[in-house]
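Colleague: Turn this into a structure:
(2 chains)
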Number of protein chains: 2
Amino acid sequence: MMKPRSVAIIGASRDPAKVGNVILQNYIGAGYEGKLYPVNPNADEILGRKAYKTVLEIKDTIDLAVIAIPAPLVPKVLEQCGKAKVRSAVVVSGGFAEVGETELQEKITEIAKKYKIAMIGPNCLGVMDTRSKVDTLFLPMKKISRPKVGYVSFVSQSGAVGSTVLDVIAGEGFGLSKFVSYGNAAYLDETDILEYLMNDEETKVIVVYLEGIKRGKEFVELARKITKVKPVVVLKAGRTEAGTAAAHSHTAALAGNYAVQEAIFKQFGFTVASDLSELIYYAKIFASEVKPKGNRVAVITNGGGAGVVAADEIASSRYLKMAELSAGTKKSLRKVMPALVNMTDPLDLAGDADSRRYGDALNALGADPNIDMLMVIVLYQTPGADPAVTHEIVQKKITLNKPLLVVSVGTEYTHKQTRLLEDKNVPVYDSPISAVDALEALFEYAEYKSRH
Amino acid sequence: MMKPRSVAIIGASRDPAKVGNVILQNYIGAGYEGKLYPVNPNADEILGRKAYKTVLEIKDTIDLAVIAIPAPLVPKVLEQCGKAKVRSAVVVSGGFAEVGETELQEKITEIAKKYKIAMIGPNCLGVMDTRSKVDTLFLPMKKISRPKVGYVSFVSQSGAVGSTVLDVIAGEGFGLSKFVSYGNAAYLDETDILEYLMNDEETKVIVVYLEGIKRGKEFVELARKITKVKPVVVLKAGRTEAGTAAAHSHTAALAGNYAVQEAIFKQFGFTVASDLSELIYYAKIFASEVKPKGNRVAVITNGGGAGVVAADEIASSRYLKMAELSAGTKKSLRKVMPALVNMTDPLDLAGDADSRRYGDALNALGADPNIDMLMVIVLYQTPGADPAVTHEIVQKKITLNKPLLVVSVGTEYTHKQTRLLEDKNVPVYDSPISAVDALEALFEYAEYKSRH
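Modeller: Down below sits the predicted model:
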């Protein structure tokens, strides 16, 4: 499914408003290099390509069938896929269990089982692989940016949540490996997909949005193993009765007891997010790939007030604490810093700090054995904070063997700089709160891994 | 100070790297229409304007003197201002109590007292008034966007926090009335400034970042009155020992006992933020100016998953709850919605929702007496969510007598739409969590006001 040599798009259409048209266009636009077969009983040619009446007409072996046709027609078409020995299928069509059509859904599950078709869906966006350029999403390119190639894989039961997070990931600048939106999970479910990603060498961080867990026992068995291999960030919807009811009406998911699930996640070292933005915060820090050796954080800032907020946040966090600068660091800083800079953590470089002062601070604190993680606050609104500061941070990040993140917020001028940082694998956060949450998650996971 | 007919810029300089040059340039660039007098003992002309050796040479009455010269020279110059009957002063220069120079600071306090000069600072950015175009900030225009004219006033002890929040406010699109960064508060302090803003008709929402409270008794007396007049959002740094220490080294503030302060804030109906981003979230919702009649929230969404997250967040909040759609609303919705839309809260309009479906939902839920507040989630990544949806929301907001906010997140396409919404006074949030926090603050303040 992820590396198909041939893809049939069933329901491909000449009408740009139809899902099947968007999917075909996206494949072409994304530069997929395998073979593409549009299937439509009422067309001979679609977007300049020969169209087939059914998959049975295609003389090639089909690795992946993307099915975007009205729900009642899906069983017949899936049966044809089975007969044509199609190896995998993504059923994007809605109109199954989520609207009470459970029998129709059971029917397609039976067909997938009978023919051993690895099936994702129905009622889903499907899959994306930034390397093979598989892209079954029916979202117009102009409305959603596609992320660059990377090592974070993202699994979302919900298509809309999935598309939003994809768009945000693209905007953040960290790379994606694979995306799977699996909807009603009539056949392959979250446990199957996570197991695949656990063993996937192109995936170093797994991020997952869940509405329900289908096979509890199997999921727990997998959970026990997966975090020993790579970090997993999870957002589980349905913590409350209202959320549970909403989840059921959305993908017919049985959300289950959240407290139990959360306890399981925590026991097995998952990083639990409670919001889409947290999901992104955590994904970013894990994607930057450096493990902390301890919990002592040093803050470098050109805004005293922002340093105070960060110190408060670190000191009141569960596991982190403010580092104490070593005597050697204080001594070497004293030599290069102006008199108004106090040798403390947070290290307030003052409102007129420039790249040289940032560079000196990064060097001294980077080398200090009393410091495990660095939070660098840059208020680019101040006169001295310019692209040279960005350059100093990027350079330091390359050689530094400690987690380093940046906190920065603003408009155009700032965005340009934070984008440069993100592109060079420096995660940027818009507030000390989210930055501290991220560092804490990184520390907790490192602790979990060292205990197991 | 806020509406001066004449401003003297002491330390105005021909060197673009100097603070005094930036301030003068900003005044000119912002279009200040009063009289501007550059003061510099070593220049005859600066930026095309006649320069004066001292304020005593100026034949006009000076309403405001902006002082940007090295700290040791400030007492002498302030004394001259006193003799010249200058009515107010902003001392931007640093180098006073925040670096241990308490005597120097006491000296300027005495001078300000003796001559009854309303003095802000030292060690501050000073003041901005979007209407009179007073702007003592020494921040280059290209690095920081200036907010549009509006009704939120923002007070920040810290200059860097102040400048960052200003930049973010400008990016968010809601309007600013006045900005005051008061630094070491050697003479006028937070209590004076808040009292002024309480009585200022151009201010409808006050947002304040505090590091310390100078006159506890007077502050409490003011606190008791101010929230009966208008909402106040406060971020108080120094909740922890680490933060307290950092605050002291920053503006020599004595942060005091946070628990006591927070209790005071809450007792008197302040909205307490714990982060700069929360400060913005709260400011936005209060700026949109509609009071809720109750705590029942309805969610409209085109992303089922996002609706689930929102429902969880509302149901687990302290004061809010999910609304139950009235029988009449269900009936009228049933007539216009496709079969796959369930008549529940959250109202999931499905991934193919267009402006018509949003319009119908907004009309029905807007009129429902069982609903007090509306959260409208728009995932602009989906095919049907286009500028027409934005238009529907903007139109509804004009006539609706309930709080309405939008939750939306994404990249370019989405940003364009959310900016249009913000410009039309519809607050936009990037996650259900922040949106729920904001609605809760709005509800709490409405409750406080109705009790007092």
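Colleague: Just the buried residues of stretch A:171-189, please?
Modeller: A:171-189 (16 or more other Cβ atoms under 10 Å in any protein chain shown). For glycine as for every other residue, the C-beta is placed from the backbone atoms N, C-alpha and C.
Colleague: Can you flag which of those residues belong to strands?
Modeller: Judged by DSSP state E, the buried residues of stretch A:171-189 include A:176, A:177, A:178, A:179, A:180, A:181 as members of strands.
Colleague: Also near chain B: which of the buried residues of stretch A:171-189, exactly?
Modeller: With the criterion set as Cβ under 8 Å from any Cβ of the partner chain, the members of the buried residues of stretch A:171-189 near chain B are residue A:171.
Colleague: can you put the ones in strands among the buried residues of stretch A:171-189 in TSV and add pLDDT and distance to residue B:201?
Modeller: TSV is the format used below for those (pLDDT from 0 to 100; distance: Cβ to Cβ, whole Å):
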residue	pLDDT	distance to residue B:201
A:176	95	51
A:177	97	56
A:178	97	57
A:179	96	53
A:180	97	56
A:181	94	52
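Colleague: and which of the residues you listed is nearest residue A:85?
Modeller: For these, the minimum distance to residue A:85 (Cβ to Cβ) is 23.1 Å, reached by residue A:180.
Colleague: got the contact list for the closest one?
Modeller: A:120, A:126, A:127, A:153, A:154, A:155, A:156, A:193 (Cβ atoms under 8 Å, 6 or more residues apart in numbering or on different chains).
Colleague: Please apply the same query to residue A:314.
Modeller: Per Cβ under 8 Å, 6+ apart, neighbours of residue A:314: A:297, A:299, A:320, A:321, A:322, A:375, A:432, A:436, B:242.
Colleague: next one: residue A:313
Modeller: A:432, A:433, A:435, A:436, B:275.
Colleague: nearest spatial neighbour of residue A:324, skipping sequence neighbours?
Modeller: In this structure, residue A:324 finds its nearest non-sequential neighbour in residue A:370, 5.8 Å apart by Cβ to Cβ, 6 or more residues apart in numbering or on different chains.
Colleague: still on that earlier bit, can I get the contacts of residue A:313 in TSV including pLDDT, secondary structure and neighbour count?
Modeller: Formatted as TSV, the contacts of residue A:313 follow (pLDDT from 0 to 100; DSSP: H, G, I helix; E, B strand; the rest coil; neighbours: other Cβ atoms under 10 Å in any protein chain shown):
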residue	pLDDT	secondary structure	neighbour count
A:432	89	helix	27
A:433	88	helix	21
A:435	95	helix	28
A:436	95	helix	27
B:275	81	coil	18
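Colleague: Redo those as CSV? Include distance to residue A:339.
Modeller: Shown next, in CSV, are the contacts of residue A:313 (distance: Cβ to Cβ, whole Å):
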residue, distance to residue A:339
A:432, 27
A:433, 32
A:435, 29
A:436, 30
B:275, 31
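Colleague: roughly how far apart are residue A:378 and chain B?
Modeller: 10 Å (Cβ to the nearest Cβ, to the nearest Å).
Colleague: can you list the residues of the stretch 101-250 of chain A near chain B?
Modeller: Residues of the stretch 101-250 of chain A lying near chain B by Cβ under 8 Å from any Cβ: A:138-140, A:142-145, A:156-164, A:166-168, A:170-171, A:209, A:211, A:235, A:237-243, A:245-247, A:249-250.
Colleague: Just the buried ones from those, in PyMOL syntax?
Modeller: PyMOL command restricting those to the buried ones, with burial defined by 16+ other Cβ under 10 Å:
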select buried, chain A and resi 138+139+140+143+144+145+156+157+158+159+160+161+162+163+164+166+167+168+170+171+209+211+235+237+238+239+240+242+243+245+246+247+249+250
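Colleague: out of the residues of the stretch 101-250 of chain A next to chain B, which are inside strands?
Modeller: Using DSSP E, these in strands are A:156, A:209, A:235.
Colleague: State the three-state secondary structure for the residue lying closest to residue A:158 once chain neighbours are set aside.
Modeller: Counting by Cβ to Cβ, 6+ apart, residue B:305 is the residue found nearest to residue A:158 once chain neighbours are left out, at 2.8 Å. Put simply, residue B:305 is helix when judged by DSSP: H, G, I helix; E, B strand; the rest coil.
Colleague: ok, back up a step: now the two most distant members of the contacts of residue A:314.
Modeller: Maximum pairwise distance among the contacts of residue A:314 (Cβ to Cβ): 14.6 Å, between A:321 and A:432.
Colleague: Which residue is most remote from the mean position of chain A?
Modeller: What lies farthest from the middle of chain A is residue A:339; by Cα atoms, centre = their mean that is 44.4 Å.
Colleague: Now that it has come up, it's in contact with residue B:99, right?
Modeller: Yes. At 6.9 Å, residue A:339 counts as touching residue B:99 under the criterion of Cβ atoms under 8 Å.
Colleague: And the residue farthest from the centre of chain A, what's its pLDDT?
Modeller: For residue A:339, the model assigns a pLDDT of 85.
Colleague: Where do the domain boundaries of chain A fall?
Modeller: Taking automatic domain parsing as the criterion, chain A consists of the domains A:1-124, A:144-287, A:290-451.
Colleague: Sort out which residues of the one helix or strand residue A:332 maps to are buried, please.
Modeller: In this structure, residue A:332 is located in helix A:327-336 according to DSSP states H and E. For helix A:327-336, the buried set under the neighbour-count rule, 16+ other Cβ under 10 Å, comprises A:329, A:330, A:332, A:333.
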